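J.: Below is the sequence, then the predicted model.
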Amino acid sequence: MTRILLAEDEPAMREYLVRSLEKNGYEVVAVDCGSKAAPLLESRSFDLLLTDIVMPEMDGIELARHCSKVSPETKVMFITGFSGVALRAGEEMPSAKILSKPFHLRDLVLEVERMFGQQSASGLS
């Protein structure tokens, strides 16, 4: 089972993403900021870091840099509603995927499946 670490500071968005990803067969550990996600990357194994870029304490780009140092095998996907920070994230982490808000959950699940070469088991609608 693919294990995802989700860092998203908006509670409603975090819950929405967790429900959708779990419904599609992913194991999700969710936190509300990068500073809570960083130690988890050091102590547990994750296949994907799914992180908002704009967050308090430690932003998603800082978190992704930390991830590349402590868990280089973990893939990174950014989610953001700000085009300017999306460009910066793409420059800083060119191998990361970037998904701009607003997005449909189907798009998120399809992007995760593409990253891992999987087919959707539940047919999210």
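T.: Received, thanks.

J.: what number of residues lie near Leu105?
T.: 16 (other CB atoms under 10 Å). Every residue, glycine included, has its C-beta placed from N, CA and C.

J.: That one - nearest residue in space that isn't next to it in sequence?
T.: Ser20 (4.4 Å; CB to CB, 6 or more residues apart in numbering).

J.: quick one: that neighbour is in a helix?
T.: Yes. Counting by DSSP: H, G, I helix; E, B strand; the rest coil, Ser20 is part of a helix.

J.: what number of residues lie near Cys67?
T.: 28.

J.: Next, the contact list for it, please.
T.: 41, 49, 74, 76 (CB atoms under 8 Å, 6 or more residues apart in numbering).

J.: how about the residues you listed in JSON lines, adding secondary structure?
T.: Converted to JSON lines, the contacts of Cys67 look like this (three-state DSSP):
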{"residue": "Leu41", "secondary structure": "helix"}
{"residue": "Leu49", "secondary structure": "strand"}
{"residue": "Thr74", "secondary structure": "coil"}
{"residue": "Val76", "secondary structure": "strand"}
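
J.: For Leu105, state which of the residues you listed is nearest.
T.: Leu49 (18.5 Å; CB to CB).

J.: May I ask you to confirm that that closest one is in contact with Glu8?
T.: No. Distance between Leu49 and Glu8: 11.5 Å, which falls outside the contact criterion (CB atoms under 8 Å).
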